[in-house]
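**Q** sequence? don't have it. structure:
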């Protein structure tokens, strides 16, 4: 049972990390777009 709990914990943290990475990438894209287009 403990192994399943560990797996669930890892999956949840990977999802969280993935979401944060997506947000960071989006912000980087917006910054690059603004720089290129001089908004």
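**A** Noted; the coordinates are in hand. None of these values were measured; they are calculated from a predicted model.
**Q** Could you tell me how many residues sit around residue 26?
**A** Neighbourhood size, residue 26 [other CB atoms under 10 Å]: 10. Using the backbone N, CA and C atoms, a C-beta is placed for each residue, glycine as well.
**Q** Look at it and report its pLDDT.
**A** For residue 26, the model assigns a pLDDT of 95.
**Q** Check the gap between it and residue 37 for me.
**A** 16 Å (CB to CB, to the nearest Å).
**Q** and if you look at residue 28?
**A** Taking CB to CB, one finds residue 28 at 15 Å from residue 37.
**Q** the more surrounded of the two?
**A** Neighbour count, other CB under 10 Å: between residue 28 and residue 37, residue 28 has more, with 10 against 7.
**Q** so what does the helix or strand where residue 24 lies touch, helix or strand wise?
**A** Assigned by DSSP states H and E, residue 24 belongs to helix 2-37. Contact here means 3 or more CB pairs under 8 Å, 6 or more residues apart in numbering; DSSP states H and E; on that basis helix 2-37 packs against no helix or strand.
**Q** How far does it sit from its chain's centre?
**A** Centroid separation for helix 2-37 versus its chain: 1 Å, with CA atoms, centre = their mean, to the nearest Å.
**Q** Buried residues, that helix. List them.
**A** By 16 or more other CB atoms under 10 Å, helix 2-37 has no buried positions at all.
**Q** Kindly provide the distance from residue 23 to residue 33.
**A** 16 Å.
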